[in-house]
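>>> Fold the following.
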Amino acid sequence: MKVFVTTLRAKPNKIDELRAICVQLATEVRANEAGCAQYTICASDDPDTVVFVERFSDDAAIEAHRKADYFRTLGRKMGEFMDGAPVIQRFTQISQE
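As a prediction, this is how the structure comes out:
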């Protein structure tokens, strides 16, 4: 299982807009991507930060996710409210559920 932890920082006073788009994206992913085992949006202790926890079955599932129209469209929309580039950490899951 491929795991990503992605951190987004919102522009000043734009966290609500950023969160709303993130939740919309998570809804689309869960409805349309069988290869995605988890797509969770989390609030951080930092009130201007959103964290994604994502788990994909394999590289093909990751590629399908990146190519999805809603991912590209909502990603561009998120960019309007982000303060800088996302910080993406990549992992391979080694424990069982």
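>>> so what does the longest helix anywhere in the chain touch, helix or strand wise?
Ranked by number of residues, the top helix in the chain under DSSP state H is helix 15-32. Contact analysis of helix 15-32 by 3 or more Cβ pairs under 8 Å, 6 or more residues apart in numbering; DSSP states H and E lists strand 36-43, strand 49-56, helix 69-79 as its packing neighbours. Quick note: C-beta positions are derived from backbone N, CA and C, even for glycine.
>>> now that helix: how far from the chain's centre is it?
When distances are taken as Cα atoms, centre = their mean, to the nearest Å, helix 15-32 is centred 8 Å away from the chain's centroid.
>>> neighbouring contacts of it?
Residues outside helix 15-32 that contact it (Cβ atoms under 8 Å, 6 or more residues apart in numbering) are 8, 10, 36, 39-41, 43, 47-48, 50, 52, 65, 68, 70-71, 74-75, 77-78, 80-82.
>>> so the residue most central in space within the chain bridges to which residues?
The centre of the chain sits closest to residue 52, judged by Cα atoms, centre = their mean, with a distance of 4.4 Å. Judged by DSSP bridges, the bridge partners of residue 52 are residue 6, residue 41.
>>> Contacts only, for it.
By Cβ under 8 Å, 6+ apart, residue 52 lies in contact with 4, 5, 6, 7, 8, 22, 26, 39, 40, 41, 42.
>>> among the residues you listed, who's most crowded?
Counting neighbours by other Cβ atoms under 10 Å, the top entry in those is residue 8, with 26 neighbours.
>>> Can you list phi and psi of that one for me?
Dihedral angles of residue 8 (phi, psi; degrees, to the nearest 10) stand at phi -120, psi 140.
>>> Make residue 1 into 841 and carry on from there
Understood, numbering begins at 841; the last thing we discussed is residue 848.
>>> Chain neighbours aside, what residue packs nearest to it?
residue 890 (4.8 Å; Cβ to Cβ, 6 or more residues apart in numbering).
>>> how about the one you found, what does it touch?
Neighbouring residues of residue 890 by Cβ under 8 Å, 6+ apart: 847, 848, 850, 855, 858, 859, 862, 881, 882, 883, 884.
>>> so how far is residue 930 from the last one?
Using Cβ to Cβ, to the nearest Å, one obtains 19 Å as the distance from residue 884 to residue 930.
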